[in-house]
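Participant: quick one, structure for this:
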Amino acid sequence: MRNEKIEKHIFSAIDKIPIDLLSTIKSQPVEKMDNHDFITKQDTQSDSRILWKPLMALGSMAAVFLIIFIGWWSQYNPVDSLIYLDVNPSFEVSVDKNEQVIELKTLKPEDVALIDSIDYRGKDLYQVTEQLLDILISEGFIDAAHHTMLVSVLNDNMEIRNRQANQLNSSIKAHLQNQSIQGVVLRQGIAKSNTIDDFAREYEISVGKMTFIRNLIILDSTLKLEDLAVLSLEDLVRLSASTKLDIKQIIDVDQDLEELYRDTDDNDDEFDEDDDDDEFDEDDDLDDNDCIEDDDNHDMDEIQQGELISIEKAIEIALGLTGGGVVEDIDLDEDDGSYIYEIEIVNDGIEYDLEIDAVTGKVLTFEIED
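Facilitator: Got it, this is the predicted structure:
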């Protein structure tokens with residue numbers, strides 16, 4: 001009975017529902033909204049801003065990390081100067097722009113034991129150099145009879161490399177003086193050269209010593225690279241003195257080397273003037289077994305060597321025209337009594353060939369090859 005009542009009520013309710021409900025709804029008046037609510041509001045700009053906010057945050061973070069990385073890189077990592085110290089043995093020192101040592105290494109593996117005790121990383125260049133000198137003195141590489149050192153500074157900035165070379169000269173000579181040793185410091189500022197690097201690797205000598213030998217050959221074209229590469233630094237200087245080469249054209253040194261290295265030891269057969277077994281005689285008529293031949297009529301004798309501009313000056317002139325770059329090759333040639341520096345430079349993939357008057361510094365030719 002109860003179920004029947006319920007069914008009756010349901011049917012009664014269904015019968016009372018309006019049939020045209022949609023028409024009734026449409027006929028009702030609609031009140032316009034003064035403002036959109038959160039459902040009806042359509043704001044595409046807001047969506048755009050929502051999308052850009054995380055991107056902007058990521059960009060800001062990336063910029064911060066980039067600044068931090070650049071700061072770390074510039075302060076701690078890059079090598080600003082390479083310094084080659086040749087004392088037989090040879091060493092290479094890498095320093096940053098604050099002249100703090102990044103790396104110290106030897107040219108030959110058998111010499112590594114000499115630097116094992118030096119705590120060089122992050123230390124002052126001049127302090128590390130003095131520590132190295134003390135070791136070389138204690139091991140007998142430097143003494144009153146063997147006191148010549150070649151200091152070569154490689155840096156893109158000529159002012160910096162010359163300043164560092166001069167400061168090393170003063171520091172080394174003062175430190176040796178304290179040990180009662182009269183140091184002879186040859187010094188040169190050098191530029192990057194792939195040709196020099198290749199020859200230095202081939203002959204297993206430092207880039208600094210290779211540059212010095214290359215410049216000696218420029219002064220005297222009869223000298224041979226394979227003969228010079230095996231000589232000690234002191235023998236190279238003694239050779240230049242005995243053959244009257246003015247090496248102050250190619251290197252800076254305070255002493256008079258010709259006077260300093262004049263051979264006065266009759267028991268030393270290597271450089272005596274009259275010993276037929278000498279490797280390098282000062283006599284014009286050298287032995288048949290001499291590894292470097294002399295020539296009475298050197299081209300360089302036709303002019304005073306002091307009249308020539310230095311190699312460094314010629315390179316400075318050339319790099320000023322090319323806007324920098326790497327010196328691939330440089331030669332001093334004679335043409336009808338005129339001396340000319342022929343220089344090859346590569347900068348940003350472009351090769352430049354220049355000829356510079358070795359007396360006046362005038363640029364004679366300037367060619368560009370893609």
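Participant: which strands and helices sit next to the strand or helix carrying Tyr84?
Facilitator: Following DSSP states H and E, one finds Tyr84 within strand 81-86. Contact here means 3 or more Cβ pairs under 8 Å, 6 or more residues apart in numbering; DSSP states H and E; on that basis strand 81-86 packs against strand 90-95, helix 125-138, strand 148-154, helix 158-178, helix 207-219. Bear in mind the C-beta positions are built from the backbone N, C-alpha and C, glycine included.
Participant: hmm, 10 Å instead?
Facilitator: strand 90-95, strand 101-106, helix 125-138, strand 148-154, helix 158-178, strand 184-190, helix 207-219 (3 or more Cβ pairs under 10 Å, 6 or more residues apart in numbering; DSSP states H and E).
Participant: dump those into CSV; add mean pLDDT and distance to Ser240 as well.
Facilitator: Listed next are the helices and strands packed on strand 81-86 as CSV, based on pLDDT from 0 to 100; distance: least, Cβ to Cβ, whole Å:
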stretch, mean pLDDT, distance to Ser240
strand 90-95, 97, 19
strand 101-106, 96, 26
helix 125-138, 96, 23
strand 148-154, 95, 12
helix 158-178, 93, 19
strand 184-190, 91, 10
helix 207-219, 91, 6
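Participant: how about the helices in this protein?
Facilitator: In the chain, the helices defined using DSSP state H lie at 2-16, 21-27, 44-76, 125-138, 158-178, 194-203, 207-219, 225-228, 233-242, 257-260, 311-322.
Participant: Thr365 and Leu114, how far apart?
Facilitator: The gap separating Thr365 from Leu114 is 47 Å, by Cβ to Cβ, to the nearest Å.
Participant: cool, and Arg201?
Facilitator: Counting by Cβ to Cβ - Arg201 and Leu114 are separated by 21 Å.
Participant: of the two, who's got more company?
Facilitator: Counting neighbours by other Cβ atoms under 10 Å for Arg201 and for Leu114 shows that Leu114 has the greater number, 17 against 11.
Participant: thought the more buried one was touching Glu139?
Facilitator: Yes: Leu114 is within contact range of Glu139, at 6.7 Å (criterion: Cβ atoms under 10 Å).
Participant: any shared contact partners between those two?
Facilitator: Pro89 (Cβ atoms under 10 Å, 6 or more residues apart in numbering).
Participant: in contact with Leu332, which residues?
Facilitator: 215, 217-221, 299-300, 308, 311, 314, 339-342, 356, 358.
Participant: so what's it bridging to?
Facilitator: Beta bridges link Leu332 to Tyr341 when assigned by DSSP bridges.
Participant: the strand holding Tyr84 pairs with which strands?
Facilitator: Applying DSSP bridges to the sheet, strand 81-86 is found paired with strand 90-95 (antiparallel), strand 148-154 (antiparallel).
Participant: for the last one, buried residues please.
Facilitator: For strand 148-154, a neighbour-count test (16 or more other Cβ atoms under 10 Å) marks 148-154 as buried.
Participant: switch those over to a markdown table; also include distance to Lys248.
Facilitator: Below are the buried residues of strand 148-154 laid out as a markdown table (distance: Cβ to Cβ, whole Å):
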| residue | distance to Lys248 |
| --- | --- |
| Thr148 | 15 |
| Met149 | 17 |
| Leu150 | 14 |
| Val151 | 15 |
| Ser152 | 16 |
| Val153 | 18 |
| Leu154 | 21 |
